[in-house]
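A.B. asks: structure for the following, please:
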Amino acid sequence: MRGKFMMSKLTSIAAISLALWTTTACQRMEPVAGAAPPADAIFADEFNDATLDRTRWNVEGPDFWVNNEQQAYIDSPETIAILPAGSVPGADDGVLALRPVFREGFVTPSGRVADFVSGRINTQGKFDFTYGTAAARIKMPDATGVWPAFWMLGYGEWPGAGETDIMEYVGEKDWTGVAMHGPGYSGETPLVNKYFFDDGTDVTDWHVYSVDWSPTALVFRVDGRAIYRVTRAMVEHYGEWVYDRPQYMILNFALGGAYPYKTNGIQTPYEGMPQATVDRIRRDEVAMYVDWVRVTGSENSR
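C.D. replies: Sure, this is the predicted structure:
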């Protein structure tokens, strides 16, 4: 995806203990519909309030733009809403909805013109952590060229601050991607993997996307199943290990741009996004639903 983040080193004994903790944490947190947050969660938003909890989340505005994405982010209930229990089948209770909206000729404060607006939220400055398990239960649309994601950034200049992409989706409903970006392994990073769903399920079903983060490795999971492991040695083959400092969480719904285009090759009417998806957005048929976000951490979290 795109990027931005600091912390102290552990002794080898503490590192081993924390690695063992991380393994069991994912078992504790293997989440199912209807399950309450674990008792040792250091962050949990079930999205059951009437509106977005601004003590936990910031909302990105239209000045933010990367990767030739086709949307402008705005702070509006059109694009970021909490839906009540019963609104989305299969959800525990309330649901966060991030929606792209067709808004032809929308002009941002910087003068950029976009034909779509959408939603992006983050926990920067309100919640971050170092080591632990971050998980979200998410349902996505079958729509070519959309680019919703659940990911984390470190503080500082990208890519030196570090980026952890827990889930990226570019509109091919049989797979999602994970990746890590940092100094020497950013952009077309070698630390990337695709997860292809089993027959009978795809991104339009509810799934839990998570990462277990320890001082020596990151293990990405879908529904508790390990799909990719990146060790410190793997990272240091390409550049500096910057995963010993806090990162904050991000949920966003982008449209088109670099990653979808490199996947599907679509050039018109928008880079990476076909007319069929535009039509569905105009009919309000496209959204990313988030049932909850939870983090189980360690003594090094904050």
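
A.B. asks: just the pLDDT at the residue positioned nearest the centre of the chain, thanks.
C.D. replies: Here the mean C-alpha position of the chain is nearest to the C-alpha of Phe150 (CA atoms, centre = their mean), at a distance of 0.7 Å. Note for Phe150: predicted pLDDT of 99.

A.B. asks: any idea what it is bridged to?
C.D. replies: Beta-bridge pairing of Phe150, defined through DSSP bridges, involves Met167, Leu251.

A.B. asks: in stretch 53-64, what counts as buried?
C.D. replies: Of all the residues in stretch 53-64, those buried under the rule 16 or more other CB atoms under 10 Å are 57-60, 62. C-betas here are computed from N, CA, C, even on glycine.

A.B. asks: got JSON lines for those residues, with secondary structure, distance to Val295 and pLDDT too?
C.D. replies: Listed next are the buried residues of stretch 53-64 as JSON lines, based on DSSP: H, G, I helix; E, B strand; the rest coil; distance: CB to CB, whole Å; pLDDT from 0 to 100:
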{"residue": "Trp57", "secondary structure": "coil", "distance to Val295": "13", "pLDDT": "98"}
{"residue": "Asn58", "secondary structure": "strand", "distance to Val295": "17", "pLDDT": "98"}
{"residue": "Val59", "secondary structure": "strand", "distance to Val295": "20", "pLDDT": "98"}
{"residue": "Glu60", "secondary structure": "coil", "distance to Val295": "20", "pLDDT": "96"}
{"residue": "Pro62", "secondary structure": "coil", "distance to Val295": "29", "pLDDT": "96"}
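
A.B. asks: which among those residues gets closest to Ala254?
C.D. replies: Within these, proximity to Ala254 (CB to CB) peaks at Glu60, which comes in at 10.8 Å.

A.B. asks: quick check: the closest one touching Ile121?
C.D. replies: Yes. With contact defined as CB atoms under 8 Å, Glu60 counts as touching Ile121 (7.0 Å).

A.B. asks: which neighbours do the two share?
C.D. replies: Jointly contacting Glu60 and Ile121 under the rule CB atoms under 8 Å, 6 or more residues apart in numbering are Asn252.

A.B. asks: end to end, how far does stretch 218-228 reach?
C.D. replies: 8 Å (CA to CA, to the nearest Å).

A.B. asks: now that stretch, how far from the centre of its chain.
C.D. replies: Distance of stretch 218-228 from its chain centroid, counting by CA atoms, centre = their mean, to the nearest Å, is 14 Å.

A.B. asks: what's the answer for stretch 53-72, then?
C.D. replies: A distance of 13 Å separates the centroid of the chain from that of stretch 53-72, by CA atoms, centre = their mean.
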